[in-house]
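sequence and predicted model, in that order:
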Amino acid sequence: MCPRREPFMEGDLVDLVWPSRDDFEVVAGMLAGGPAAALATGGEVAPEADDLRADCRSGRTTIACVVTKDGQTIGFVRWVARKYAGSYEIGGLVEQPAQWDLGMGAEGTGLALEHLFHACNAHRVQFLVGAFNLRTLRMVLSLGLPVEGILRDYFFLDGEYHDGIVTSVLREEFYRFDSHGTVRDRISSADKQEARELLVMARARQAESVGL
């Protein structure tokens, strides 16, 4: 069992944690080859860990590690800020085929969406999915997301071109989903209400003291 790291998003199967310095090496290795890298990128991009770290340090790209409840890093979710504030493109992978179809990748993606919409005030999150990526395509279409466009022959994989499918989820659509349960607040509604009431009372006392 790996030492447990404090997650910033917790699910039933997996959590999301911010990457350590060593995690960038792990993520780079996941992207260097194998079927998961091919599905996620349409080929082998073989980035250097330092390049991934530099992209994240720039603030344009964010990587979150997908870890099991026993602390094993099994994949990652990555989102990239697009042209306008609140607009992102998201992707990721679970490395080992034995861990596909168990709901871990879907939950990791769902946690990242929850973070983007509920903590980062995202307006639009876009997916670009290769027409060869059965599982991710099945996941996004099962949510009822619209196919906004088809990028013809966008990917080249296994000796042939494949279309890319563009779909997205908008903020109001995300809050209508219930596939991952209720969106969780960090601060309870009771505490927020009590804070508002304290503020109302404080302002009333202040107004009374100045004779308003």
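Happy to help now that I have it.

so, low pLDDT: which residues of this structure?
1-4, 44, 178-182, 212 (pLDDT under 70).

where do the helices of it begin and end?
21-31, 35-41, 49-58, 104-119, 134-142, 171-174, 189-209 (DSSP state H).

ok, which of those helices comes nearest F127?
helix 134-142 (5.3 Å; C-beta to C-beta). Bear in mind the C-beta positions are built from the backbone N, C-alpha and C, glycine included.

and the closest one, what does it pack onto?
On a contact count with 3 or more C-beta pairs under 8 Å, 6 or more residues apart in numbering; DSSP states H and E, helix 134-142 meets helix 104-119, strand 124-130, strand 160-170.

in TSV: these, plus mean neighbour count.
Output for these, formatted as TSV (neighbours: other C-beta atoms under 10 Å):
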stretch	mean neighbour count
helix 104-119	21
strand 124-130	21
strand 160-170	17
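
may I see the ones you listed arranged in JSON lines, with distance to S87 as well?
Below are the helices and strands packed on helix 134-142 laid out as JSON lines (distance: least, C-beta to C-beta, whole Å):
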{"stretch": "helix 104-119", "distance to S87": "10"}
{"stretch": "strand 124-130", "distance to S87": "5"}
{"stretch": "strand 160-170", "distance to S87": "9"}
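
picking that back up, buried deepest among the helices of the chain, which one?
Greatest average neighbour count among the helices of the chain goes to helix 104-119 (a mean of 21), per mean count of other C-beta atoms under 10 Å.

quick one: end-to-end distance for stretch 42-52.
18 Å (C-alpha to C-alpha, to the nearest Å).

report the contact partners of the closest residue to D12 other than its chain neighbours.
Spatial nearest neighbour of D12, excluding adjacent residues (C-beta to C-beta, 6 or more residues apart in numbering): E107 at 6.8 Å. Taking C-beta atoms under 8 Å, 6 or more residues apart in numbering, we find E107 in contact with G11, D12, L13, V14, H180.

please report how far the residue lying closest to R21 once chain neighbours are set aside lies from A28.
Take R21 and drop its neighbours on the chain: the residue closest to it by C-beta to C-beta, 6+ apart is R53, 7.5 Å away. The spacing between R53 and A28, counted by C-beta to C-beta, to the nearest Å, is 9 Å.
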